[in-house]
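S.K.: sequence below, structure please.
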Amino acid sequence: MFKKAAFLVIVILILLSNIVPVTAERSNDITLIINNKTIKSDTPPLIYKNRTMVPIRIVSETLGAEVFWHSSERQVEIKTHNRIIKLTIDKNEALINEKKVTLDVSAKIFNNRTMVPLRFVGEALGADVFWDGSTRTVKVVKKSQQIINVAYAKTPEGLDVLIDASGPVEYEQLFLQNPNRLILDFPSTKVALQVPVVNVGKNGVKQIRVGQFKVDPDITRVVIDLEKEMSYSIHTSENKKQVVVCFKNQMFGVDYSKEELGQSALIKTPFDTEYSVNELSEPDRIVIDLHDAEFNADSSNIEINDEILYRIRMAQFSVNPDVVRVVFDLKEKADYTVEPVEGEGLKVYFNKYKKLEEVRFKKFSNRTRLVFKTNDPVDFRVEREDKQLTVEIPQAVIKISQNVLPVDDGIVDNIELKQVEENGGIKVVAVIKLPYYYKHEIINTCPTEEVIVDIFKSPLSEELIVVDAGHGGDEPGAISPSGVKEKDLTLDIAKRLNELLLDGGAKTYMIRSTDITVPYQIRPNIANEMKADLFFSIHINAYYNDRIQGVETLYCSGSSGESKKIAKLVQETMVEELGMVDRGIWERENLVVLRETKMPAVLAEVGYLTHPEDEKKLLDPEFRQKAAEALYKGILKYYEQKD
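M.R.: Next up is the predicted model:
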């Protein structure tokens, strides 16, 4: 009996020796500081297995979380807007958003209070935890990021609102009505913006407002004010430093109105939305598809029933890809144009523009007449640039199938018709391309149903003119006191004259176009062999008396007196255009280039190289151009009078 009792005592002692009681070091001197605030609690922090344990509600709620106790599972649940943390009592495993995490120390119950490992919970809630052994202080700091920039950007799909932060951020969203607005709250953030309001006024977004919604805990609120309730998506960058709110292109409906020049329909959508237009028949209708757009109109059907339209229909035609379709049901085929209007949308004009219906041309003996026929009176403008005329008819459309009309009658090459957008409207531009330009005349005035332009044949058009640049090569001609050679200046003026003659319709041949020697006896022979109509030689005078200055023109009798006529007209024009001293015309029968030519021939002396003032003028390229133009006008006057 005694042996049995002794055995039982030994067994009990062994069992008791294996039981380790759950104990912790209670430390009333541990200080808990959260976000720079000392936290007081009826249950102070304690040390358990070298880990600081704290009451769960104290830590979680001061860090902006909600705490729930599930008694049946002996589980603590900590919730934030984007994170759920679950800890089970006496279990060295936790869940963060259902992902398992191993714990050094499990949650415990001490004196009916749930205590959790401070470092794990604090860091799981995005805070930093520090232990100061010298002062036995635990510091928990949840750093606030900064909202540093808010902007918007237009994309092909719509409009993006860009919210940038100094570091990783999270957000909560809320949509409110009356007025419509999307709210994004950013916990643990502060506002760091110079301008708290960004005006947008595009794609249904009025403005973006940013403010400090709460302090301690810090919450920044971003409010996006909207015209209407509209769908959106929110994306966060990989580093969580940027939040992007994407609003698709919206179609808010159609406004139909009558204007001075006809009816119009405004499709209310961002003006740079991509679109396509199709005309369909049986029944007649115009179909406009808005790509990457969402239907957000109050009505899908507008009854019109006027002289053009029965109705306007609109709807979301497809999703992914997103296409909004607008259909105009026509009473009959109608003229229309579609134009983007910045800040408003797409405008469809019906019968707004006059119509260019016909272009006619007819050649007369001395001119070609062009007629541009429109359906109603129009204003117009005619301008000339080099060998080209343009006729502009504003607020008009082309109703001619052929864009390029060949003429090729020696006066007009062709007419190219262009539809050009300008200042929110369109115009017809008719480009009249010419082989040369002489002159034109506008026959009628604005407004008119027929724009008539006469383009005249040049009196030079069938003439061959030989241009002779005096001297050249081994023959420098006159040399000024400063060393300027006559041959260089005559070649420059001759080239300029040659170009003017070609542009005026003449055929030309240059005796020399470079600095080469051409004997004087050969020059008239070249003109004779070519059967030229005019020989025109250019020289510059010189004299031992440097006070002599001015222009003069030389000729030789013969050619039925035509050389003298030309010389007189050239001299008059040089004096008038250049403002130089008039030294008159002179008959010179001893000059080979004038005497031996079998056609009218003149020699123009364009100033004196030996006179300082004349030399200064001749060294100026602008003066030499004016001199060439004066010579051209003198020649032209002769042929005009001859005709």
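S.K.: nearest residue to residue 581 in space, please, no chain neighbours.
M.R.: Ranked by C-beta to C-beta, 6 or more residues apart in numbering and with sequence neighbours excluded, the top spatial neighbour of residue 581 is residue 550, at 2.9 Å. From N, CA and C alone the C-beta is placed, and that goes for glycine too.
S.K.: so how far is residue 601 from that neighbour?
M.R.: 22 Å (C-beta to C-beta, to the nearest Å).
S.K.: and residue 263, what does it touch?
M.R.: 256, 257, 306, 308, 309, 349, 350, 351 (C-beta atoms under 8 Å, 6 or more residues apart in numbering).
S.K.: name every strand pairing with the helix or strand hosting it and say which way it goes.
M.R.: In this structure, residue 263 sits in strand 262-268 according to DSSP states H and E. If you go by DSSP bridges, strand 262-268 pairs up with strand 254-259 (antiparallel), strand 345-350 (antiparallel).
S.K.: export stretch 93-106 as PDB, just CAs?
M.R.: Presented in PDB, the C-alpha positions along stretch 93-106 are these (Å, rounded to 0.1, in the frame of the first residue of the first chain):
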ATOM      1  CA  GLU A  93       0.200  32.300 -37.600                       C
ATOM      2  CA  ALA A  94      -1.700  35.400 -38.900                       C
ATOM      3  CA  LEU A  95      -3.500  36.300 -42.100                       C
ATOM      4  CA  ILE A  96      -2.900  39.600 -44.000                       C
ATOM      5  CA  ASN A  97      -5.500  39.800 -46.800                       C
ATOM      6  CA  GLU A  98      -5.800  36.000 -46.500                       C
ATOM      7  CA  LYS A  99      -2.100  35.500 -47.000                       C
ATOM      8  CA  LYS A 100      -0.400  33.500 -44.200                       C
ATOM      9  CA  VAL A 101       2.300  35.100 -42.100                       C
ATOM     10  CA  THR A 102       4.400  33.300 -39.400                       C
ATOM     11  CA  LEU A 103       4.600  35.100 -36.100                       C
ATOM     12  CA  ASP A 104       7.400  35.000 -33.500                       C
ATOM     13  CA  VAL A 105       4.800  35.500 -30.800                       C
ATOM     14  CA  SER A 106       1.100  34.800 -31.000                       C
END
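S.K.: related to what we said a few turns ago, who's more crowded, residue 550 and residue 601?
M.R.: residue 601 (30 against 19; other C-beta atoms under 10 Å).
S.K.: surely the more buried one and residue 591 touch.
M.R.: No - look at residue 601 against residue 591 with C-beta atoms under 8 Å: they stay out of range, at 9.0 Å.
S.K.: shared neighbours of those two, anything?
M.R.: Any residue near both residue 601 and residue 591 by C-beta under 8 Å, 6+ apart counts here, and that gives residue 556.
S.K.: so what's residue 160 up against?
M.R.: With contact taken as C-beta under 8 Å, 6+ apart, residue 160 is in contact with 152, 153, 244, 245, 246, 247.
S.K.: out of these, which end up buried?
M.R.: 152, 245, 247 (16 or more other C-beta atoms under 10 Å).
S.K.: now, these that are in strands?
M.R.: 152, 245, 247 (DSSP state E).
S.K.: so who does the first one touch?
M.R.: Remark: with contacts taken as C-beta under 8 Å, 6+ apart, residue 152 is in contact with 159, 160, 161, 162, 198, 200, 202, 205, 208.
S.K.: so who does the fourth one touch?
M.R.: Taking C-beta under 8 Å, 6+ apart as the contact definition, residue 162 lies against 149, 150, 151, 152, 153, 242, 243, 244.
S.K.: give me that answer again for 7 Å
M.R.: Residues near residue 162 by C-beta atoms under 7 Å, 6 or more residues apart in numbering: 151, 152, 153, 242, 244.
S.K.: from those, which two are the most distant?
M.R.: Pairwise distances across those peak at 13.1 Å for 152 and 242 (criterion: C-beta to C-beta).
S.K.: and the strands in the stretch 451-600 of the chain, which stretches?
M.R.: 464-469, 507-510, 534-541, 551-555, 582-587 (DSSP state E, counting those that start in this stretch).
S.K.: mind listing residues that contact the last one?
M.R.: Applying C-beta under 7 Å, 6+ apart, the external contacts of strand 582-587 come out as 550, 551, 552, 553, 554, 555, 556, 557, 567, 568, 571, 575.
S.K.: and if we set it to 10 Å?
M.R.: 541, 548-557, 563-564, 566-572, 574-576, 594, 602-603, 605, 607-608 (C-beta atoms under 10 Å, 6 or more residues apart in numbering).
S.K.: just the helices in this protein please.
M.R.: For the chain, applying DSSP state H gives helices covering 2-17, 56-62, 118-124, 486-503, 522-530, 562-578, 592-595, 612-618, 621-642.
S.K.: out of the ones you listed, which is closest to residue 84?
M.R.: Closest among these, using C-beta to C-beta: helix 118-124, at 10.2 Å.
S.K.: could you export the closest one as CSV, CA atoms only?
M.R.: The C-alpha trace of helix 118-124 is given here as CSV (Å, rounded to 0.1, in the frame of the first residue of the first chain):
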residue,chain,number,x,y,z
LEU,A,118,3.3,45.4,-31.3
ARG,A,119,5.9,45.2,-34.0
PHE,A,120,3.9,42.9,-36.2
VAL,A,121,0.6,44.8,-35.9
GLY,A,122,2.2,48.2,-36.3
GLU,A,123,4.2,47.3,-39.4
ALA,A,124,1.2,45.4,-40.9
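S.K.: buried residues in it?
M.R.: Buried, per 16+ other C-beta under 10 Å, within helix 118-124: 118, 119, 120, 121, 122, 124.
S.K.: just flag the most distant two among those.
M.R.: 118 and 124 (10.8 Å).
S.K.: got the contact list for residue 601?
M.R.: Contacts of residue 601 (C-beta under 10 Å, 6+ apart): 466, 468, 523-524, 527, 532, 534-537, 554-556, 558-559, 562-563, 566-567, 591, 593-595.
S.K.: in PyMOL, select just the buried ones from the residues you listed.
M.R.: Only the buried entries of the contacts of residue 601 go into this PyMOL selection, using 16+ other C-beta under 10 Å:
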select buried, resi 466+468+523+524+527+532+534+535+536+537+554+555+556+558+559+562+563+566+567+591+593+594
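S.K.: hang on, the earlier thing: give me the buried subset of the contacts of residue 152.
M.R.: 159, 160, 161, 198, 200, 202, 205, 208.
S.K.: the third one contacts residue 153, correct?
M.R.: Just to be clear, that refers to residue 161. Yes - with contact defined as C-beta atoms under 10 Å, residue 161 and residue 153 form a contacting pair (8.4 Å).
S.K.: name the residues contacting each of those two.
M.R.: Shared contacts of residue 161 and residue 153 (C-beta under 10 Å, 6+ apart): residue 244.
S.K.: quick one on the thing from earlier: in TSV, list the buried residues of helix 118-124 along with distance to residue 42 and pLDDT.
M.R.: Compiled in TSV, the buried residues of helix 118-124 are given as follows (distance: C-beta to C-beta, whole Å; pLDDT from 0 to 100):
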residue	distance to residue 42	pLDDT
118	17	85
119	22	85
120	23	87
121	19	83
122	21	80
124	25	82
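S.K.: show me which of those is closest to residue 491.
M.R.: Among those, residue 124 lies closest to residue 491 (C-beta to C-beta), at 91.8 Å.
S.K.: neighbours around residue 314, how many?
M.R.: 22.
S.K.: okay, and the beta partners of it?
M.R.: Counting by DSSP bridges, residue 314 is bridged to residue 326.
S.K.: returning to that earlier point: out of the contacts of residue 152, which sit inside strands?
M.R.: 159, 160, 161, 162, 198, 200, 202, 205, 208.
S.K.: nearest residue to the last one in space, please, no chain neighbours.
M.R.: Okay, so that is residue 208. residue 198 (4.3 Å).
S.K.: mind checking pLDDT for that neighbour?
M.R.: For residue 198, the pLDDT comes out at 91.
S.K.: tell me who's in contact with it.
M.R.: 149, 150, 151, 152, 161, 205, 207, 208, 209, 210, 224.
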